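In: I would like to see how this sequence folds:
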Amino acid sequence: MQRYLRVSFLTMLLVFLVLAGSDQNVHGEQTELDVHFIDVGQGDSILVQTPSDKNILIDGGPPESGKEVVAFLEEHNVEKIDLLIATHPDIDHIGGLTRVMKSFEVERIIDSGKIHSTKTYATYISQILKQRIPVEIAKQNALIQIDPRFKVRILNTHTGNKDNNGSSIALKISFKETDFLLMGDVEKEQEKKLLKRYNLQSEIIKVAHHGSGTSTTTAFLEEVNPELAILTYSEKNDYGHPVERVIENLIKVNAAIYSTAVFGDITISSDGESYLIITEKNPTDNLKVG
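Out: Numbering: from 1, shown residues only. Here you go, the predicted model:
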């Protein structure tokens, strides 16, 4: 872990130096595209603020993080969620969405279509029905229509007999020359299929399944060729995330590594030609001397 932290800090400095001359706002105000990876502990929650000032929320972390997600949205001047995407029905992805739906008007939801027999999923569905929010079932290869200035394509979703992780919605966001690959919790089997179907090259990747050994093969990363990798997990999780193999694979492809466990909330601000990384925490605060 200590090695990983030092690698992250070094790469952060290198990326910052490369981007220091850009004309983006270094204080984190909305520029043209802001992608926020919210620190929800062991889970996922991503806020995308688009070039046309639309707000897309992808997942809401576990139930106990719902209050934090709502506070984050309020701090970033979100008054309405134009699109909510629930990647799959695991508790660490949809748990916080109930509080979000109670707190904000949600225009529409895109759901994987995967049904799950848990109290958390039942509560999520109940809130959708209560708020009468229109729901669309994600379709593979579909373009999400929300902002004409950038593209969001669905790469993976639920089909056949896939389990929850295999049913996870994976997305590619493209804004001019900058691409984000958001992998949800997909696993190796889905990665192989995506390699055959799509051009996956992306500057930024949200690593699948919190850095679990179920995903993120060397072959997959070589095709994506990311400059920056985001990992979402809790430092004190019970799953061993991220596994050493995933970190080694990211190092092999020379990706700068950032995690919410180390950096807290992470924002990528882009004008479509370059991007700037803004983090809540300084990683040196987590390093032990001696």
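In: what's the neighbour count on residue 55?
Out: 22 (other Cβ atoms under 10 Å). C-betas here are computed from N, CA, C, even on glycine.
In: isn't it right up against residue 84?
Out: No. Counting by Cβ atoms under 8 Å, residue 55 sits too far from residue 84 to count as a contact (9.3 Å).
In: which neighbours do the two have in common?
Out: Common neighbours of residue 55 and residue 84 are not found (criterion: Cβ atoms under 8 Å, 6 or more residues apart in numbering).
In: hey, where'd the helices end up in this protein?
Out: Listed from the start of the chain, the chain has helices (DSSP state H) covering 2-19, 66-75, 91-94, 97-103, 119-131, 188-197, 218-224, 244-252, 260-263.
In: so what does the third one touch, helix or strand wise?
Out: For helix 91-94, the contact count by 3 or more Cβ pairs under 8 Å, 6 or more residues apart in numbering; DSSP states H and E identifies helix 119-131 as packing neighbours.
In: how about a cut-off of 10 Å?
Out: Helix 91-94 is packed against strand 83-86, helix 119-131, with contacts defined by 3 or more Cβ pairs under 10 Å, 6 or more residues apart in numbering; DSSP states H and E.
In: so which of the ones you listed is nearest residue 34?
Out: Proximity to residue 34 (Cβ to Cβ) singles out strand 83-86 among the helices and strands packed on helix 91-94, at 15.1 Å.
In: dump the closest one to CSV, restricted to CA.
Out: Provided in CSV are the C-alpha atoms of strand 83-86 (Å, rounded to 0.1, in the frame of the first residue of the first chain):
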residue,chain,number,x,y,z
LEU,A,83,-30.3,11.9,-15.4
LEU,A,84,-29.7,9.3,-12.7
ILE,A,85,-28.0,6.1,-13.8
ALA,A,86,-28.1,3.0,-11.6
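In: what separates that strand from the chain centre, distance-wise?
Out: Offset of strand 83-86 from its chain centre (Cα atoms, centre = their mean, to the nearest Å): 12 Å.
In: state the mean pLDDT of that strand.
Out: Mean pLDDT, strand 83-86: 98.
In: likewise for stretch 72-79?
Out: 97.
In: and for stretch 121-141?
Out: For stretch 121-141, the mean per-residue pLDDT is 97.
In: first-to-last residue distance for it?
Out: 25 Å (Cα to Cα, to the nearest Å).
In: and for stretch 143-150?
Out: 10 Å.
In: okay, the helices and strands packed on helix 91-94 in TSV with mean neighbour count next?
Out: As requested, the helices and strands packed on helix 91-94 are arranged in TSV below (neighbours: other Cβ atoms under 10 Å):
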stretch	mean neighbour count
strand 83-86	24
helix 119-131	15
